[in-house]
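Asker: Got a sequence here, can you model it:
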Amino acid sequence: MVCSLALWYTERADAEPTVPPMQSPSPRGLTSYHIKLLAALTMLIDHVGLVFFPEMTGFRIIGRISFPLFVWLLVQGEAHTRDVGRYGLRLAALGIVSQPIYQLTFNTTGLNILFELLLGLGCLRLARRVPQLQLPIWLCGAALSELLNMGYGSYGIGLVFLTRYFRPKLLWMVAWIGFHLAWAWFVGPFQLPAIAVPLLFWLANGERGAKARWFYAFYPGHLALLWLIQRAGA
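Answerer: A predicted model of the protein is given here:
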């Protein structure tokens, strides 16, 4: 399903725009700031549930909304940034800072999602620079995410790919739903709530909204806070 969509968009590269449209039918849609707030809040709920209430699935269900929203922001950031190298360095630096806190908080040896977003950024830019090699670029990115034990693995890179080609059309929705159903068949239904997230993509109005200087610090900051609370209650 995903590979077929890649080939279809590669063939039509000259006919359609290559940046996912952000315009909503309503000028009162969601700004990038609103999406950042939703991504941060749902991630916090997810991680609170994972750390303190692992038996309560409601926290984790809400949390499935978060990563696709971070991916949306990544795709828009790559498309509109003036300096993709600086963008990538920021992700890498935050990923390195966050990694020890991430491992302590969740008792894991895997890489945090900032590294997955960094890999997704690389795939996005390479696919833009060398469009005739889009399919192998995305497949290599998915394989590398599994090899490096990234948080979402190949699912995360598949999500970046699909979000990159977002269109509020039937074919895209079929690909998105089919991807999640296929993933659920092989791995489990954990990510199925993410099927609903394109409704938020559709509501994005293309405006930046208020500045969010806190946004990048939120990831390592909230992990550190959760770890401190863990330690205090131990």
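Asker: alpha carbons only for contacts and neighbour counts from here, please
Answerer: OK.
Asker: show me where pLDDT drops low in this structure?
Answerer: 1-28, 234 (pLDDT under 70).
Asker: could you pull out the helices for it?
Answerer: 2-11, 32-52, 57-63, 66-80, 84-106, 113-129, 134-147, 153-164, 170-187, 198-203, 215-233 (DSSP state H).
Asker: between the fourth one and helix 153-164, how big is the angle?
Answerer: Orientation check (axes from the mean of the first three to the mean of the last three CA atoms, to 10 degrees): helix 66-80 against helix 153-164 gives 50 degrees.
Asker: where's Glu146 relative to Gly110, distance?
Answerer: 10 Å (CA to CA, to the nearest Å).
Asker: typo on my end, Gly151
Answerer: Taken as CA to CA, the span from Gly151 to Gly110 is 6 Å.
Asker: neighbour count winner among the two?
Answerer: Per other CA atoms under 10 Å, whichever of Gly151 and Gly110 has more neighbours is Gly151, with 19 against 16.
Asker: Go ahead and flag the most central residue of this protein.
Answerer: Val71 (2.5 Å; CA atoms, centre = their mean).
Asker: Which residue is the nearest non-sequential neighbour of that one?
Answerer: Excluding its sequence neighbours, the residue lying closest to Val71 (CA to CA, 6 or more residues apart in numbering) is Val160, at 5.8 Å.
Asker: same check, this time on Tyr216
Answerer: Of all residues not flanking Tyr216 in the chain, Leu94 sits nearest, at 7.6 Å (CA to CA, 6+ apart).
Asker: The one you found - how many residues pack around it?
Answerer: By the measure other CA under 10 Å, the count of residues near Leu94 is 17.
Asker: Hmm, it is touching Asn112, no?
Answerer: No: Leu94 is beyond contact range of Asn112, at 10.0 Å (criterion: CA atoms under 8 Å).
Asker: neighbours around Arg129, how many?
Answerer: When neighbours are counted by other CA under 10 Å, Arg129 registers 11.
Asker: scratch that, Leu225 is what I was asking about
Answerer: 13.
Asker: OK, contacts around Trp227?
Answerer: Neighbour list for Trp227: 101, 104-105 [criterion: CA atoms under 8 Å, 6 or more residues apart in numbering].
Asker: Please apply the same query to Ala217.
Answerer: Ala217 touches Leu94, counting by CA under 8 Å, 6+ apart.
Asker: Check Thr81 too.
Answerer: Counting by CA under 8 Å, 6+ apart, Thr81 touches Tyr87.
Asker: Once you drop chain neighbours, what's closest to Ile113?
Answerer: What sits nearest to Ile113 in space, not counting adjacent residues and going by CA to CA, 6+ apart, is Gly151, at 5.5 Å.
Asker: my guess is the one you found meets Thr109, correct?
Answerer: No: at 9.9 Å, Gly151 does not count as touching Thr109 under the criterion of CA under 8 Å.
Asker: Give me the distance between the spatially closest residue to Asn149 that is not a sequence neighbour and Phe201.
Answerer: Using CA to CA, 6+ apart and skipping the chain neighbours, the partner closest in space to Asn149 is Gly110 (5.3 Å). Counting by CA to CA, the gap from Gly110 to Phe201 is 29 Å.
Asker: Could you do Tyr216 as well?
Answerer: Look at Tyr216 and Phe201: by CA to CA, they are 21 Å apart.
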